[in-house]
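1. Here is a sequence together with a model predicted from it:
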Amino acid sequence: MSLNGKYVLESQENYKEFLQALGVSQVQVVNEDMVTDIYQGTYNRIAKFMGADVLTNTFMPGKESELEDLDGTTFTTTVNLDRGKIKIQFPKYVYTAEVSGDKLIEINSIPDGVTNKMVSRRLLD
């Protein structure tokens with residue numbers, strides 16, 4: 001299933017704890033208006049709108065890409081797309097995203113640490 005679309009946050013678990021474990025403080029912790037915009041094409045893009053903060057990463061699946069972390073640090077990694085699921089190895093955690101029905105399910109997992117789950121619903125165009 002295509003991940004293309006805009007999604008508005010419905011629920012989240014352990015977001016504040018996840019950010020604290022990463023040492024990130026400048027991102028708004030509670031934001032019911034968080035929107036995730038995903039575009040899949042030759043290049044893929046994931047943009048997160050978190051109040052005044054915007055984090056945008058563009059990549060080609062299976063190719064080495066330079067991405068930005070929540071704290072603004074840039075790093076190089078290979079983004080994988082497998083059976084409709086995006087997987088990104090960030091320096092301190094693993095991010096996965098997949099669509100189930102009209103929901104975007106995003107998981108951020110710190111190895112041997114906190115796991116954050118966000119569920120967003122697709123916005124109709």
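-> Noted; the coordinates are in hand. Numbering: from 1, shown residues only.
2. For the helix or strand bottoming out on mean pLDDT in the chain, which residues meet the burial criterion?
-> In the chain, no helix or strand scores lower on mean pLDDT, DSSP states H and E than helix 15-22, which sits at a mean of 87. Neighbour-count burial for helix 15-22 flags Tyr15, Phe18, Leu19, Ala21, Leu22 (criterion: 16 or more other CB atoms under 10 Å). C-betas here are computed from N, CA, C, even on glycine.
3. do the same with stretch 33-44
-> Neighbour-count burial for stretch 33-44 [16+ other CB under 10 Å]: Met34, Val35, Thr36, Asp37, Ile38, Gln40, Asn44.
4. chain center to the least confident helix or strand of the chain, what's the gap?
-> Chain-centre distance of helix 15-22: 14 Å, with CA atoms, centre = their mean, to the nearest Å.
5. Could you name the helices and strands sitting against that helix?
-> strand 115-122 (3 or more CB pairs under 8 Å, 6 or more residues apart in numbering; DSSP states H and E).
6. now the strand it packs on: mean pLDDT?
-> Mean per-residue pLDDT for strand 115-122: 96.
7. Helix or strand next in line after the helix or strand that contains Thr76, which one?
-> In this structure, Thr76 sits in strand 74-78 according to DSSP states H and E. Note on strand 74-78: by DSSP H and E, the next helix or strand toward the C-terminus is strand 80-82.
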